[in-house]
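Undergrad: how would this look folded up:
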Amino acid sequence: MHDIAAVNNINVERLIAYHALKESVGGYRGKQQRPSEASWHGRAQQLVLPCATIPGSMALVWQPVRDVRPGGTVLYHEALVRFPQTHGWDTAPGEVFAAIERSGGTLAFDRRIVRRVIETLQSDPLAILGVNISGASADPAGWDDLVDLLRSDHALATRLVIEITETAPMPDLDRAALFCSRLQGCGVRVALDDFGVGHASVASARALKPAIIKIDGSFVRQACAAPAAAGLFWHLVGVAKSLGALTIVEGVETREQAIIAQEAGSIWQQGFFHGKPMRSPFAETHLGFIEGIGTTDHVLQTLKGGAGTFIPTVWK
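TA: Next up, the predicted model:
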């Protein structure tokens, strides 16, 4: 059994220092012989992975994806991971995720977070939740038990959005497409996150056939700061919509950004302007979020047919 107090004392600064030591010029600077790569990976997983299971050592906070129009209907809440640190729970652990990817612990960590989100869905029949996984985890291998669970509970699966974040490249795009197809066959909605940056590309979108494409927030910020960048932002939104996906603009922090995103064609937005991540239970319900396929023909013509397509009843 893990020592909870010891795990809670692990913070981002310690983990960053650990990996900085590994990757620094000159390599291992200790008095002993440099450890093997397997030792580094094992130690990293000892530091990070317990945080996904020990109470108090990790928190999931929830940020809404909201309609910019009057009424502000919530599409779903995205689960965001927070680790305990000196400055509280509000610091996003981007450095930790990068360290997990380097350590080879991505799949194990992603599985634990997805399971936590599924447990939340099981406990709240009105919740509709999204959760990120790394592109490195987008492979059928290692997910059989969770896919079987989702296949056995279609009502739950239709309330889950799996967001694939390509901070790390997908090892095999064909296998990633198979992974997405299996999830979509269960009723899960697949989203391609951070579109336009990193490894998220048109080729990925065409292969994975996501129901949702999320435009990285850097583009709307640039569109506000430099009018010359607005054309690129409008183009990205247009590309996402042309691929048949419901489009969400992330990182919307100001009214100006919300207006620009709406003018570009994205009514669905996420960011501090629409709601900060919350640890408290959801104040908003999502009744009527999903409508059966076969209705709203003029909308269906703009979407991909088959598994993975969904129509929010609030989307007009």
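
Undergrad: phi, psi of the residue nearest to Arg175 when sequence neighbours are not counted?
TA: Among residues not flanking Arg175 along the chain, Asp139 sits closest, at 4.9 Å (C-beta to C-beta, 6 or more residues apart in numbering). (Glycine included, C-beta is placed from N, CA and C.) With angles defined as degrees, to the nearest 10, Asp139 sits at phi -150, psi 140.

Undergrad: likewise Tyr76?
TA: Dihedral angles for Tyr76 - degrees, to the nearest 10 - are phi -160, psi 170.

Undergrad: now for it, how many residues are close by?
TA: 26 (other C-beta atoms under 10 Å).

Undergrad: tell me what it is bridged to.
TA: Val65 (DSSP bridges).

Undergrad: thought it was touching Gly130?
TA: Yes - applying C-beta atoms under 8 Å, one finds Tyr76 in contact with Gly130, separated by 5.4 Å.

Undergrad: can you pull the residues that touch both of the two?
TA: Counting by C-beta atoms under 8 Å, 6 or more residues apart in numbering, the contacts common to Tyr76 and Gly130 are Val65, Val161.

Undergrad: what is the burial count for the residue nearest to Arg175?
TA: Using other C-beta under 10 Å: Asp139 sits among 16 other residues.

Undergrad: kindly report the same for the one 5 residues further on.
TA: For Asp144, the neighbour count with other C-beta under 10 Å is 10.

Undergrad: below-threshold pLDDT in this structure: ranges please.
TA: Residues of the chain meeting the criterion pLDDT under 70: 1-58, 83-96, 99, 103, 198-200, 280-316.

Undergrad: remind me, longest helix of it?
TA: Secondary structure of the chain per DSSP state H: the longest helix is helix 106-123.

Undergrad: parallel or antiparallel, list what pairs with the helix or strand just after that one.
TA: The helix or strand immediately downstream of helix 106-123 is strand 129-134, counting by DSSP states H and E. Using DSSP bridges, the strands paired with strand 129-134 in its sheet are strand 74-82 (parallel), strand 160-165 (parallel).

Undergrad: tell me which of the ones you listed sits nearest to Ile248.
TA: Of all those, it is strand 74-82 that lies closest to Ile248, at 7.7 Å by C-beta to C-beta.

Undergrad: re the thing from before, which one of the strands paired with strand 129-134 is the most hemmed in?
TA: strand 160-165 (a mean of 24; mean count of other C-beta atoms under 10 Å).

Undergrad: which element follows that one toward the C-terminus?
TA: Going down the chain from strand 160-165, the next helix or strand is helix 173-186, by DSSP H and E.

Undergrad: name the helices or strands packed onto that following helix?
TA: Judged by 3 or more C-beta pairs under 8 Å, 6 or more residues apart in numbering; DSSP states H and E, the packing partners of helix 173-186 are helix 144-151, strand 160-165, strand 189-195, helix 202-208.

Undergrad: single out the most deeply packed of those.
TA: When those are compared using mean count of other C-beta under 10 Å, strand 189-195 is most buried, at a mean of 26.

Undergrad: that one packs against which elements?
TA: Counting by 3+ C-beta pairs under 8 Å, 6+ apart, strand 189-195 packs on strand 160-165, helix 173-186, helix 202-208, strand 212-215.

Undergrad: now that strand against helix 173-186, angle please.
TA: 140 degrees (axes from the mean of the first three to the mean of the last three C-alpha atoms, to 10 degrees).

Undergrad: partners of strand 189-195 in the sheet?
TA: Checking strand 189-195 against DSSP bridges gives partners strand 160-165 (parallel), strand 212-215 (parallel).

Undergrad: noted, bye for now.
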